[in-house]
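Asks: Need coordinates for the following:
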Amino acid sequence: MTASTPDPLLTAELLERFRARAAGYDDANTFFTEDFAELESAGYLRMLVDTPPGDAGGMGGAAAAQRRLASAAPATALGVNMHLVWTAVAGLLADRGDASLRFVLDDAAQGEIFAFGVSEPGNDAVLFDSLTRVESLPDGGFGFTGTKVFTSLSPVWTRLGIFGKLEGQNGEDVILHAFVPRGTPGVEIVEDWNPLGMRATQSHTTRLSDVRVPAGAVFRRIPAGPNADLLVFGIFAAFESLIASVYLGIADRALDLAALALARRRSHVADRPLADDPVLRNLLAGAAMRRTGAEAELRSVTQDLDARTDVGSQWFARLVTLKTHAVDAAVAATGAALHVGGGSGFSASSEVARLHRDALAGQFHPSTEESARATVATALLGPPST
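Replies: Numbers count the residues shown, from 1 in each chain. Predicted coordinates:
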């Protein structure tokens, strides 16, 4: 794996324990309970509280830590990612003069676990619109009704971030963001998670049925549709950069396993190590080059986030490109590792096969390949005329 600064929160012994448990979680389709307990005990979930984004370098540090964790246990890294994203958002906003989510950092410091109830089936507008219906209540509060999918950390979250659309007069709809505590009436976790990869995240569906939210719990009201609200930027920036870190960690491990396989295996016909085969060397080098390119993008993006670099409208294009390239690197690296590792790697229980399945999950995180290309094209050409 590419050398990086050692993380005091992730010792080599801890990472090896995570790696040893990962296959069992995947096979049984169960939550990473032991991993979570160890990460919580080590203070890992507080990393962006203790070292926030900004001059302290919190985004760069969190990205490096998540990459290392994912190299040992991708599903564990992806699961805790959702909590870390919320703390990153709170820190990014605070670093830019917006203290509206300071309570997230305070609550995280006290052990609260945050999760995202944002993704909705059929909603390709992501943060700019919502299929969840919000109704105004006589007491000034609001009722949320809708379905959320890919709710990672379903077994352990204590605070769920939700959003929905309140229809206004003359088409002036508003998106409302709030957190609801676990146990809030109307919040139902449907234990339906049985995917191809990233199984230990236990990202169950969450149904909201007239979930009552006091007016004071709504922390943001944003006009529906594309907008430049700082919260939208913060969520997008934190999510894309930390997701990219997870998939780069998968690429790191896959390339390590591929190199070990080539060094170990020999060609019976040529009577030489497969590490000397020019075709296989070329295949592995191509995958490694993809990883190196995405790695450079991640470093540049996190450095600019911590430095509050203003790149204007280019931010979203950079972020979707980073996420897309990191996932591509993971898929290429795991595919190459499967190819060079021989038939044993095709076993459903092999680490390489599991890594490949985990890498394929990347295409389902926002932004998709199609959405990313549309974002980049708009940054270059402006919005389409029709």
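
Asks: Can you give me the neighbour number for A326?
Replies: 31 (other CB atoms under 10 Å). In this view, the C-beta of every residue, glycine as well, is placed from N, C-alpha and C.

Asks: Okay, and it sits in which element?
Replies: If you go by DSSP states H and E, A326 is part of helix 314-340.

Asks: In three-state terms, label R308 for me.
Replies: With DSSP: H, G, I helix; E, B strand; the rest coil as the basis, R308 sits in coil.

Asks: ok, back up a step: show the average pLDDT along the helix holding A326.
Replies: For helix 314-340, mean pLDDT rounds to 95.

Asks: Could you export stretch 118-130 as PDB, CA atoms only?
Replies: Output in PDB follows, covering the C-alpha atoms of stretch 118-130 (Å, rounded to 0.1, in the frame of the first residue of the first chain):
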ATOM      1  CA  VAL A 118     -31.200  11.100   2.600                       C
ATOM      2  CA  SER A 119     -31.100   8.700  -0.300                       C
ATOM      3  CA  GLU A 120     -34.600   7.900  -1.700                       C
ATOM      4  CA  PRO A 121     -35.600   5.400  -4.300                       C
ATOM      5  CA  GLY A 122     -36.200   7.200  -7.600                       C
ATOM      6  CA  ASN A 123     -34.800  10.600  -6.500                       C
ATOM      7  CA  ASP A 124     -32.000  11.400  -8.900                       C
ATOM      8  CA  ALA A 125     -32.100  15.000  -7.800                       C
ATOM      9  CA  VAL A 126     -30.400  13.900  -4.500                       C
ATOM     10  CA  LEU A 127     -30.100  17.000  -2.300                       C
ATOM     11  CA  PHE A 128     -32.000  19.400  -4.600                       C
ATOM     12  CA  ASP A 129     -35.400  17.800  -4.200                       C
ATOM     13  CA  SER A 130     -37.100  15.200  -2.100                       C
END
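
Asks: what does that stretch contact?
Replies: The contact list for stretch 118-130 (CB atoms under 8 Å, 6 or more residues apart in numbering) reads 131-132, 146-151, 161-165, 175, 224-227, 232, 235-236, 366-368, 371.

Asks: Please, where are all the helices along the stretch 1-150 of the chain?
Replies: With DSSP state H, counting those that start in this stretch, the ranges of helices along the stretch 1-150 of the chain come out as 12-28, 33-42, 47-50, 58-72, 74-95, 102-109.

Asks: Tell me how far the spatially most central residue of the chain lies from L137.
Replies: To find the centre residue of the chain, average its C-alpha atoms and take the closest one (CA atoms, centre = their mean): that gives I243, at 3.3 Å. Counting by CB to CB, to the nearest Å, the separation of I243 from L137 is 35 Å.

Asks: again, but for S313
Replies: Look at S313 and L137: by CB to CB, they are 38 Å apart.

Asks: More neighbours: which of these two?
Replies: L137 (14 against 10).

Asks: What pLDDT is listed against the closest residue to the more buried one other than its chain neighbours?
Replies: Leaving aside its sequence neighbours, L137 sits nearest to G143 (CB to CB, 6 or more residues apart in numbering; 5.8 Å). Listed pLDDT for G143 reads 98.
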